[in-house]
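**Q** Predicted model and sequence follow; I will ask about them next.
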Amino acid sequence: MFRLKEIRMECGLKRSKVAEDLHMNAGTIANYENEIRQAPYECLIKFADYFEVSVDYLLGREEEQKPFKNSAALTAEEAAILAGYRKLGKLGKSRVAEYLELWLERS
């Protein structure tokens with residue numbers, strides 16, 4: 001069971017957005033989501049990194065998402081902010097980064 005579509009939808013992302021962010025074709029991603037084609041391991045790693053899940057979870061080999069060993073668990077508020085950020089386009093993301101930089105300079 002390949003969970004790519006399920007994870008993408010949980011994040012509220014359109015296939016075209018994921019394709020743009022990962023420099024892939026949306027049709028290719030659709031083929032992976034619908035299990036028409038199998039994603040090569042390079043793509044599996046890209047998807048896992050992008051959605052911050054393990055490759056095993058993405059492939060349906062694990063039932064629970066486990067945080068990476070090197071990352072701290074996000075609070076609900078942090079996860080909501082990250083999900084909102086991922087929905088932004090290029091311009092929105094750059095403005096958030098600028099605002100954050102200014103805010104940190106003032107602190």
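**A** Looks like it came in fine.

**Q** quick one: low-confidence ranges for the chain?
**A** Filtered on pLDDT under 70, the chain yields the residue ranges 65-74.

**Q** can I see the domain layout of this structure?
**A** 1-64, 72-107 (automatic domain parsing).

**Q** Now render the ones you listed as a markdown table, adding mean neighbour count.
**A** Any C-beta I mention is one placed from the backbone N, CA and C, and that applies to glycine too. Below are the domains of the chain laid out as a markdown table (neighbours: other CB atoms under 10 Å):
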| stretch | mean neighbour count |
| --- | --- |
| domain 1-64 | 15 |
| domain 72-107 | 10 |
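
**Q** How far does the strand or helix carrying residue 6 sit from its chain's centre?
**A** Assigned by DSSP states H and E, residue 6 belongs to helix 4-10. Centroid separation for helix 4-10 versus its chain: 9 Å, with CA atoms, centre = their mean, to the nearest Å.

**Q** after it, next one along is what?
**A** For helix 4-10, the following helix or strand on the C-terminal side (DSSP H and E) is helix 15-22.

**Q** In terms of secondary structure, what does that following helix contact?
**A** In terms of contacts (3 or more CB pairs under 8 Å, 6 or more residues apart in numbering; DSSP states H and E), helix 15-22 is packed against helix 26-33, helix 41-51.
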